[in-house]
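Chemist: how would this look folded up:
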Amino acid sequence: MNRSAGLRSVRAVDARSPRGAARAVAVLAVLTVLFGLGACRRPAKAAAPSTDELVLELGGDGIPIAELLRRAEAAQRDRPEIEVPPIPEPPAPPQRTRLEYLADGETLSTFCQRVLGQSRRWQEVQELNGLSDEDLRRLAPGTPIRVPVD
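Modeler: Alright, predicted model coming up:
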């Protein structure tokens, strides 16, 4: 089987830096997968490789594969961890409201009974208007109150 079919060139990789070492290991792994285990090796003789052998020379300075692997592992170890912040919940869509006015002698509970038909919704209306318990005691007739539109 001719394993060099379709292979146009093998580019030299500078393995002297940690990034280059990692790239060299990645190239070696890809070529090993593409051309089969054991195909990426230096021929024993100085003769030209046969058509089914692939010679991969990394950087040209003779750095042993074990050193390349050590550098790649060190580069991987020294890489800072990236913390991904959690995705915030989208804000709730704004609630549709309408404006009503407090009548003479009404509490928030009786107001809710008149306007919404349910006196128990007074806490919902209190929260919607940002009223404190102290504010509830000071409500005067004619005070504008926002109520939810159902």
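
Chemist: Any figure for the gap between Ala66 and Ile145?
Modeler: Taking Cβ to Cβ, to the nearest Å as the measure, Ala66 falls 78 Å from Ile145. Where you see a C-beta, it was placed from the backbone N, CA and C, and this is true even at glycine.

Chemist: of these two, who's got more company?
Modeler: Neighbour count, other Cβ atoms under 10 Å: between Ala66 and Ile145, Ile145 has more, with 21 against 8.

Chemist: residues making contact with the helix or strand containing that one?
Modeler: Assigned by DSSP states H and E, Ile145 falls within strand 144-148. Residues outside strand 144-148 that contact it (Cβ atoms under 8 Å, 6 or more residues apart in numbering): 95-102, 108, 111-112, 115-116, 124-125, 128-129.

Chemist: let's go with 7 Å and repeat that
Modeler: The contact list for strand 144-148 (Cβ atoms under 7 Å, 6 or more residues apart in numbering) reads 95, 97-102, 111, 115-116, 124-125, 128-129.

Chemist: Give me the lowest-pLDDT entry from those.
Modeler: Of all these, Gln95 carries the smallest pLDDT score, 82.

Chemist: does that residue count as helix, strand or coil?
Modeler: For Gln95, the assignment made with DSSP: H, G, I helix; E, B strand; the rest coil gives coil.

Chemist: where's it relative to Tyr101, distance?
Modeler: Per Cβ to Cβ, Gln95 is found 19 Å from Tyr101.
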